[in-house]
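# The sequence isn't on hand, but the structure is:
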Ligand code: PEP
């Protein structure tokens, strides 16, 4: 049985003060005591405040991205060790907004996964198709390519540290959610890929999150599906009541 993981991607929202206040609200709502693992990814500059506020609440932190070098002349980049130093245990890699706007490729995703694992960070690796790709029946081909490229050379034994997030690009921040059937189909494809590549045991331990307009109104249905092990939540993770409702509903769908 895979414990549910609910991760909030705060994107370019919440300065240090707002971060502290949102984490305090989540602690008041006992968000990390509902039976699911809870991770939030504030902007880099708010990580220290988040770490202080989270204390021993059980809320864990993720970076929204990472660079593959530990140090050097790489203006604007953040090293894996710096994320650890700021209190992160996790890091989101290959989010579609990074792929769309900042030139992220499967190759850079692969370098980032390797660097994160080497440093002891747990990568949450995002894959997903655009609307055009879905409509032209390329969904599994696109995701298969992202998995092959992103995880090239990663040994089976490393997958206990890795989480995959399936995020259809057309569902992110649009209010459109994949139907349960669409999501389950792709999650099963991803688990099948893991099984073929790294064996059934590995495929069974990897958590596969769904992301794309997850809200309290659709969380229960999605999280009950056999291959959905949690959610990567954008917009709704910025509102403490909504995020904790998603966590509560997900934790209830034990399977
Ligand atoms: C995301 O940014 O990963 C995401 C899923 O956003 P939203 O929940 O707002 O669609």
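Great, that's in hand. Owing to the predicted nature of the structure, the values given are computational and were not obtained by experimental measurement.

# And residue 236, how far from residue 10?
Applying C-beta to C-beta, to the nearest Å, the value for residue 236 to residue 10 is 11 Å. Where you see a C-beta, it was placed from the backbone N, CA and C, and this is true even at glycine.

# Please apply the same query to residue 103.
22 Å.

# likewise residue 36?
18 Å.

# Those two: who's more crowded?
Set residue 36 next to residue 10 and count neighbours by other C-beta atoms under 10 Å: residue 36 wins out with 25 against 22.

# Tell me where the stretch 101-250 of the chain has strands.
For the stretch 101-250 of the chain, the strands defined by DSSP state E, counting those that start in this stretch cover 122-127, 163-166, 207-211, 230-233.

# Give me every residue in the stretch 101-250 of the chain lying close to the ligand.
167, 172-173, 211-214, 232-236 (C-beta under 6 Å from any ligand atom).

# again, only this time at 5 Å
Neighbours of the ligand within the stretch 101-250 of the chain, by C-beta under 5 Å from any ligand atom: 172-173, 211, 213, 232-235.

# Which members of these are classed as buried?
Taking 16 or more other C-beta atoms under 10 Å as the criterion, what is buried in these is 172, 211, 213, 232-235.

# got JSON lines for the residues you listed, with distance to residue 205 too?
What follows is these, written out as JSON lines (distance: C-beta to C-beta, whole Å):
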{"residue": "172", "distance to residue 205": "26"}
{"residue": "211", "distance to residue 205": "20"}
{"residue": "213", "distance to residue 205": "27"}
{"residue": "232", "distance to residue 205": "18"}
{"residue": "233", "distance to residue 205": "22"}
{"residue": "234", "distance to residue 205": "26"}
{"residue": "235", "distance to residue 205": "30"}
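
# any low-confidence regions in this structure?
Residues of the chain meeting the criterion pLDDT under 70: 254-255.

# hey, where'd the helices end up in it?
Ranges of helices within the chain are 16-28, 47-54, 80-85, 96-101, 106-119, 131-135, 139-150, 180-198, 200-205, 216-223, 240-252, based on DSSP state H.

# Need these in CSV (columns: mean neighbour count).
Shown next, in CSV, are the helices of the chain (neighbours: other C-beta atoms under 10 Å):
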stretch, mean neighbour count
helix 16-28, 18
helix 47-54, 20
helix 80-85, 19
helix 96-101, 17
helix 106-119, 20
helix 131-135, 14
helix 139-150, 17
helix 180-198, 18
helix 200-205, 14
helix 216-223, 20
helix 240-252, 22
